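J.: model the structure of this input:
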Amino acid sequence: MREERLEATGRGRPATFGDATSMPTPIEAIQVAGEYRLYTGISEFDRVLGGGVIPGSVVLIGGDPGIGKTTLLLQAVAKLAIGGQKTLYISGEESPQQIKLRGQRLGVDSPLLFILAETSLEEILKSVQNLNPSAIVIDSIQTVYTDQITSAPGSVSQVQEVAGQLRWFAKRSGVPVFIIGHVTKEGAIAGPRLLEHIVDTVLYFEGDKQHSYRILRAVKNRFGSTNEIGVFEMKEQGLLEVGNPSEIFLAERPAQCTGSVVVCSLEGSRPILVELQALVSPTSYAMPKRMANGVELNRMSLLIAVLEKRIGMHLSGQDVYVNVVGGMQIDEPAIDLGIVTAISSSLRDRPIDHATIVCGEVGLGGEVRAISQVELRLREAAKMGFRRCVIPERNLAKLGSSDGLELVGIRDIGEALDAVLA
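T.: Modelled structure (predicted):
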């Protein structure tokens, strides 16, 4: 005979958010009040969330160790507390004294900001019910456990059960819950993939520790647009907002440098100008090297093949390096033309005009395809002082105004290279 303990499956919790009974209701009969959001006072954070924090929402934030997740949320709940909202910061990794020291460095001091060092979910929920805060932070979900599961904290079953109960609490009480999640060495949030499905919003902190700039990117948002980004600068007093990222990323751009071009990437609803650099040099290896930082390597290899086939450039004996200045990661196809022109500029040793910007998607036939939201991109380029823009001809035909820019419409990469390298 051996005694075994039965694990709880969570079926005893109410399955509905609110009333104990759930009846099918016609959608037109459902009453919805006006959308209300809590504003954290950090405009870049509110932008990524879709304009503020929705009551009852569950927000998951992931990122590399030391990237600034705890700093950002501590600043956010502190600003909510300053605005008169009672907030609770729950830490399973630091003691209250350690959080106090961090808060002193960040200038965080409010009688409405409460700190709790606890890892038991049952004790956390008791404290939350007694305090009745307007927002809570869990740092981090991998350290929290529930007595209903016998496995160790951080295991798949524990993370799944804790996240499910936190979601149930948030929906029932209307209190927004911010969850910090650890990431694996591949960069994905540790735990089951179900964790990202449970929550309402998933945010990733990006950036290189060697750079002071951090990018907060929304990859899932039930209450706003995805791929929205917020830009911060890490300083001694904490994370500071960057209101004009384009100015920051172009501040140290060299003049008359070959292989350098400015492209406009659309991140969510925000156009951002970044400098894209390429270096082409004769290879000393049997196989030439292809390295990319900030752009997808496979995409770069595809564009190199297009240049070799459609333009006749001999790149098989050249090492090619492409870099996005500032540590940004860009996946948008509208920067294809920038990669092509930067590589050609470095190979031919011809600089691109300092006041020229290029935008366009390149197809396998060498054609330059139209891009979306070209008006927003041109407006940002004009605001930053650019005078000339090379865009797909199809976009040029649909434009009403040029914001004072000289617009050059092109159909293929041959015309583009003639326009920027002539």
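
J.: what's the first helix or strand after the lengthiest helix in the chain?
T.: Determined from DSSP state H, the single longest helix within the chain is helix 156-173. Following helix 156-173 in sequence order, the next helix or strand is strand 177-181 (DSSP states H and E).

J.: strand partners (parallel or antiparallel) of that next one?
T.: strand 58-63 (parallel), strand 135-139 (parallel) (DSSP bridges).

J.: run the chain-centre distance for that strand.
T.: 16 Å (Cα atoms, centre = their mean, to the nearest Å).

J.: what is the mean pLDDT for that strand?
T.: Averaging pLDDT along strand 177-181 gives 96.

J.: pull the distance from stretch 146-159 to the chain's centre.
T.: How far stretch 146-159 lies from its chain's middle: 29 Å, per Cα atoms, centre = their mean.

J.: what distance separates the start and the end of it?
T.: 9 Å (Cα to Cα, to the nearest Å).

J.: I'd like the numbering to begin with 45 instead of 1 from here.
T.: OK, 45 is where the count begins now, so the last one is stretch 190-203.

J.: report pLDDT for residue 98.
T.: So, for residue 98, pLDDT stands at 93.

J.: residue 78 too?
T.: Confidence for residue 78, expressed as pLDDT, is 65.

J.: again with residue 65
T.: You'll see residue 65 listed with a pLDDT of 52.

J.: could you do residue 149 as well?
T.: With respect to pLDDT, residue 149 has a value of 90.

J.: likewise for residue 373?
T.: 86.

J.: same thing with residue 252?
T.: Taking residue 252 on its own, its pLDDT is 69.

J.: and residue 105, by the same measure?
T.: pLDDT, residue 105: 96.

J.: for the residue nearest to it when sequence neighbours are not counted, give me its contacts.
T.: In space, residue 105 comes closest to residue 247 once its chain neighbours are excluded; the distance is 4.7 Å by Cβ to Cβ, 6 or more residues apart in numbering. Where you see a C-beta, it was placed from the backbone N, CA and C, and this is true even at glycine. Neighbour list for residue 247: 92, 103, 104, 105, 106, 260, 261, 262, 263 [criterion: Cβ atoms under 8 Å, 6 or more residues apart in numbering].

J.: please work out the angle formed by the directions of the helix or strand harbouring residue 247 and strand 102-107.
T.: Element membership of residue 247, judged by DSSP H and E, is strand 245-250. Relative orientation of strand 245-250 and strand 102-107, computed by axes from the mean of the first three to the mean of the last three Cα atoms, to 10 degrees: 20 degrees.

J.: could you point out which element follows strand 245-250?
T.: strand 257-265.

J.: which of the contacts of residue 247 lies closest to residue 311?
T.: residue 261 (7.7 Å; Cβ to Cβ).

J.: endpoint to endpoint, stretch 244-255 covers what distance?
T.: 30 Å.

J.: residues of that stretch that come out buried?
T.: 244, 245, 246, 247, 248, 249, 250, 251 (16 or more other Cβ atoms under 10 Å).

J.: hang on, the earlier thing: strands paired with the strand holding residue 247, and their directions?
T.: In the sheet, strand 245-250 lines up with strand 102-107 (parallel), strand 257-265 (antiparallel) (DSSP bridges).

J.: and those: which comes nearest residue 449?
T.: Per Cβ to Cβ, nearest to residue 449 of those: strand 257-265, 27.1 Å.

J.: buried stuff in that closest one?
T.: Those would be 257, 258, 259, 260, 261, 262, 265, for strand 257-265 by 16+ other Cβ under 10 Å.

J.: now stretch 292-305
T.: 292, 293, 294, 297, 302, 303, 304, 305.

J.: which residues does the lowest-mean-pLDDT helix or strand in the chain contact?
T.: Sorted by mean pLDDT, DSSP states H and E, the helices and strands of the chain end with helix 289-293, the least confident at a mean of 87. Defining contact as Cβ under 8 Å, 6+ apart, one finds that helix 289-293 is touched by 257, 275, 277, 286, 314-319, 369-370, 372, 424, 427-428.

J.: buried only: go through those residues for me.
T.: 257, 275, 277, 286, 314-319, 369-370, 372, 424, 428.

J.: among those residues, which lie within helices?
T.: Among these, the ones falling in helices (DSSP H) are residue 424.

J.: ok, so of the buried ones among the contacts of helix 289-293, who is nearest residue 221?
T.: The shortest approach to residue 221 among those belongs to residue 275, at 25.1 Å (Cβ to Cβ).

J.: separation between the closest one and residue 293?
T.: 9 Å (Cβ to Cβ, to the nearest Å).

J.: just the CA trace of the helix or strand just after the least confident helix or strand of the chain, in CSV.
T.: Following helix 289-293 in sequence order, the next helix or strand is strand 304-311 (DSSP H and E). Output in CSV follows, covering the C-alpha atoms of strand 304-311 (Å, rounded to 0.1, in the frame of the first residue of the first chain):
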residue,chain,number,x,y,z
SER,A,304,24.9,54.2,-45.3
VAL,A,305,21.2,54.9,-46.0
VAL,A,306,18.2,56.0,-44.0
VAL,A,307,15.0,53.9,-44.1
CYS,A,308,11.6,54.4,-42.5
SER,A,309,10.1,51.5,-40.6
LEU,A,310,6.5,51.5,-39.5
GLU,A,311,6.3,50.0,-36.0
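
J.: strand 304-311 pairs with which strands, and in what direction?
T.: Sheet partners by DSSP bridges: for strand 304-311, these are strand 314-326 (antiparallel), strand 400-402 (parallel).

J.: quick revisit: in the longest helix of the chain, what's buried?
T.: For helix 200-217, by 16+ other Cβ under 10 Å, it's 201-215, 217.

J.: burial check on the closest residue in space to residue 234 that isn't next to it in sequence, number of neighbours?
T.: Using Cβ to Cβ, 6+ apart and skipping the chain neighbours, the partner closest in space to residue 234 is residue 226 (4.6 Å). The local packing of residue 226 (other Cβ atoms under 10 Å) involves 19 other residues.
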